[in-house]
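Enquirer: Let's see this in three dimensions:
(2 chains)
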Amino acid sequence: MAKRANKQVNLFYCAECEELARKVAHHSDAIQLRTISWRNFDDGFPNLFINNAHDIRGQHVAFLASFSSPGVIFEQISAIFALPKLFIASFTLVLPFFPTGSFERVEEEGDVATAFTMARILSMIPKSRGGPTSVVIYDIHALQERFYFGDDVLPCFETGIPLLLQRLHKLPDAENITIAFPDDGAWKRFHKLLLHFPMVVCAKVREGDKRIVRIKEGNPEGRHVVIVDDLVQSGGTLIECQKVLAAHGAGKVSAYVTHGVFPNKSWERFLHKGSEYQFAHFWITDSCPLTVKAITDKPPFEVLSLAGSIADALQI
Amino acid sequence: MPMPMPMGVASAVSSSDLFKSHPDNLGRPHQPEAAAVSLVFHPKSNHLRTVSQHSFRRRPPRNVDGWIGSELRMSLETRNGPSSADRGEGLHRIPGSPPLMAASPAVVSSIALPHERSKKSVCLFFCEEMRELAERVALAGDSIELRSITWRTFEDGFPNLFISYAQGIRGQHVAFLASFSSPAVIFEQLSVIYALPRLFISSFTLVLPFFPTGSYERMEDEGDVATAFTLARILSNIPISRGGPTSLVIFDIHALQERFYFGDSVLPCFESGVPLLMNRLQQLPDSDNISIAFPDDGAWKRFHKLLHHFPMIICNKVREGDQRIVRLKEGDPRGRHVVIVDDLVQSGGTLIECQKVLAAHGADRISAYVTHGIFPNRSWERFKHDNGAGPNNGFNYFWITDSCPLTVREVKNRAPFEILSLSVQIASALQI
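Expert: Next up is the predicted model:
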């Protein structure tokens, strides 16, 4: 198969993504960083300027976004809506973590699906000369969310699991690893990517008023068990899983999530306190840059960077 | 002056009666265009009502707590006694009563509707910061009912919203009163705005009294990002309900060209708060000594037609070396109570510069009106009351509307500020 020539890509980014953007550019000669001046007017609304806008004419352009809170969405969306109209050759939006929707249940009429609102806003991105915008998202929380996007954008769903695979193969006890899933949902999503490992599947079971995590299938005894899920919020689910696995004889327990959301510093529960700890390793990617800043160099946390994967996605 | 024939009812009042001794005229020569009225037969109350040709020329009564009234009068105002509003009883609606056709044609009918339209019943949702204005709007129209939304947040900071009794609004006209006072509150309100039209309602109206962004922006270089356009795009994508495109009600949009930013899937409805000012000025004891000043030609172009029976002064900014100085371009403020009129105020610098120039040219006292009191970073603190001591000491009145509720909270009982409520106009706009 003839190798496709590398596309030259101009990569813009939001302020909180600067570190990840630098890593992405570092991965490939074909990717060049570009800047936007992010200021605010006195009334709090954004005052933005895309530097050297003329230079990107006829070029492939991408924007690395992070919607870590509702307050930062509007300024990034303004840049995202403006870039495709600058006579560029194509536009790709990289949004590693698609927020909203991880707590939502639309169960009753009256529930407002904010995930749908977010998808709708992204579906409004103007077309550039390259046609619809490509939107790159890693491990979207609910698989049905992929259907929320209209035809005016081309969603590209990636996963961070290959990074975990690479990391696991480097561990001294790589032969002794078992993957655990906190529920059937996680198993459905990820088991095919991790087939060569033995597996344990947990389930939440109701006992009276309480919800308890139980092992549904598999045997963790004596194994280094790695719990895998798409994201972590308070961490409650992971902690319950760890307890059950330890009670069933797991030798060591670690965890991997693509998105370390960790609101309200909930990562603190996982820190090693001297020699006492529940999690030997806790891997997250750099999809949530604010968390990454908080947990860098704090065991058990280790950051697996999406930079290489993003650099490849930009060549699509 | 053309007068449409009332339907099937002989006119009981001659046209000359309507304009005699009008309390608002105060001895000034009658200006036909300002008070054009028509006689309309209203099926519900079975009597003739005078209805203003200009939909929102209402005359709000004065209340004592700094709010200038937004009562909606359902019958002709009579001269036989003060309304409950004038007695300072706060806001409430005066129930319709049989008309007294006599001397008072004060133009206070509810809505300038053609006779065969009956009122739309509207379910009004609102964001929390607009609660007070929403309550006034509901009071101002008897067919407007307030509805609630539960506004919570998940731990990750993203909204957790629930529209109460969603099934109860099926087949109803629905409206949402929004306020985008900062970027952070846009996403949660947008989620509701996008969700409501899809609940089998019969029509959807978004009332966004102040359309932010764009007041500082200049698209001068390629690379400038027009956030006003971003916001217009987001609003243009409101899903269509059974009633067709969403109506979008905005007051005094900052740049007139912004009206063209909206696609065809919304119906923008551009209103103005200036009629509220008109009515308020006519109530002042020195209303015959008022001149209107515009800080620049832009403001004059936008507002002079609504205020044309007042003498006018126009200022402009002139460059002298490195500085920009405000100068008087036309008009004479000497001895006058000058009211500076603009669509919005941010830091207040422009108004203060105008004040200096007008005072230097002999204005007796100076007031200001803006529809939108944005006042970032508490900049309203620069505006002191003159306390009767003349224009160099401050402002006599500073009128703002309740389009910016966070500001209203700060200034509502502070002289020289007075709030003119948009509630009656909004209630009317919901009937369009």
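Enquirer: Show me the shaky parts of chain B.
Expert: Applying pLDDT under 70 to chain B flags the ranges B:1-118, B:215-218.
Enquirer: for it, which helix is longest?
Expert: helix B:349-360 (DSSP state H).
Enquirer: how about it against chain A, any contact?
Expert: No. Judged by C-beta under 8 Å from any C-beta of the partner chain, helix B:349-360 and chain A are separated, with a smallest distance of 10.7 Å. C-beta here means a position set from N, CA and C on the backbone, and glycine is covered the same way.
Enquirer: what's the pLDDT at the residue of chain A positioned farthest from its centre?
Expert: Centroid-distance maximum for chain A: A:Gly208 at 35.2 Å, with C-alpha atoms, centre = their mean. A:Gly208 is assigned a pLDDT of 80 by the prediction.
Enquirer: Next, count neighbours for whichever residue of the stretch 301-432 of chain B sits closest to chain A.
Expert: Relative to chain A, the nearest point of the stretch 301-432 of chain B is B:Pro376 (4.2 Å; C-beta to the nearest C-beta). By other C-beta atoms under 10 Å in any protein chain shown, 17 other residues sit near B:Pro376.
Enquirer: just B:Gly263 next, same as before
Expert: 11.
Enquirer: ok, now how distant is it from chain A?
Expert: As judged by C-beta to the nearest C-beta, to the nearest Å, B:Gly263 and chain A stand 10 Å apart.
Enquirer: Okay, helices next: where are they in the stretch 151-300 of chain A?
Expert: Taking DSSP state H, counting those that start in this stretch as the test, the helices found in the stretch 151-300 of chain A are A:161-169, A:184-190, A:236-247, A:289-295.
Enquirer: ok, now the stretch 251-400 of chain B?
Expert: Going by DSSP H, counting those that start in this stretch, the stretch 251-400 of chain B shows helices at B:274-283, B:297-303, B:349-360.
Enquirer: Tell me how many other residues surround the spatially closest residue to A:Leu95 that is not a sequence neighbour.
Expert: Spatially, and ignoring its direct neighbours in sequence, A:Leu95 is nearest to A:Ala65 (4.8 Å; C-beta to C-beta, 6 or more residues apart in numbering or on different chains). Neighbours of A:Ala65 under the rule other C-beta under 10 Å: 26.
Enquirer: Model confidence for A:Ala65, exactly?
Expert: Per-residue pLDDT puts A:Ala65 at 98.
Enquirer: in stretch B:261-278, what counts as buried?
Expert: By 16 or more other C-beta atoms under 10 Å in any protein chain shown, the buried positions in stretch B:261-278 come out as B:Tyr261, B:Phe262, B:Val266, B:Pro268, B:Glu271, B:Ser272, B:Gly273, B:Val274, B:Pro275, B:Leu276, B:Leu277, B:Met278.
Enquirer: Run through who's touching the longest helix of chain B.
Expert: Taking contacts as C-beta atoms under 8 Å, 6 or more residues apart in numbering or on different chains, the residues outside helix B:349-360 that touch it are B:293, B:295, B:313, B:315, B:325-328, B:333, B:338, B:340, B:342, B:345, B:366, B:368, B:370, B:382-383, B:390-392, B:395.
Enquirer: repeat that for 6 Å
Expert: B:Pro295, B:Cys315, B:Val326, B:Leu328, B:Pro333, B:Val338, B:Ile340, B:Ile366, B:Ala368, B:Pro391, B:Asn392 (C-beta atoms under 6 Å, 6 or more residues apart in numbering or on different chains).
Enquirer: any idea how far B:Val424 is from the residue in the stretch 151-300 of chain A positioned nearest to chain B?
Expert: Chain B sits closest to A:Pro263 of the stretch 151-300 of chain A, with a gap of 4.1 Å, by C-beta to the nearest C-beta. From A:Pro263 across to B:Val424, the span is 43 Å (C-beta to C-beta, to the nearest Å).
Enquirer: Compare those two and say which is more crowded by neighbours.
Expert: Using other C-beta under 10 Å as the criterion, A:Pro263 and B:Val424 rank with B:Val424 on top: 26 against 17.
Enquirer: Determine the number of other residues adjacent to A:Pro162.
Expert: Neighbourhood size, A:Pro162 [other C-beta under 10 Å]: 13.
Enquirer: Oops, could you answer that again for B:Val338 instead?
Expert: Here the number of neighbours of B:Val338 (other C-beta under 10 Å) works out to 33.
Enquirer: Which residues does the closest residue to it other than its chain neighbours form beta bridges with?
Expert: Distances taken as C-beta to C-beta, 6+ apart place B:Ala363 nearest to B:Val338, at 4.6 Å, with adjacent residues excluded. Note on B:Ala363: beta-bridge partners by DSSP bridges are B:Arg334.
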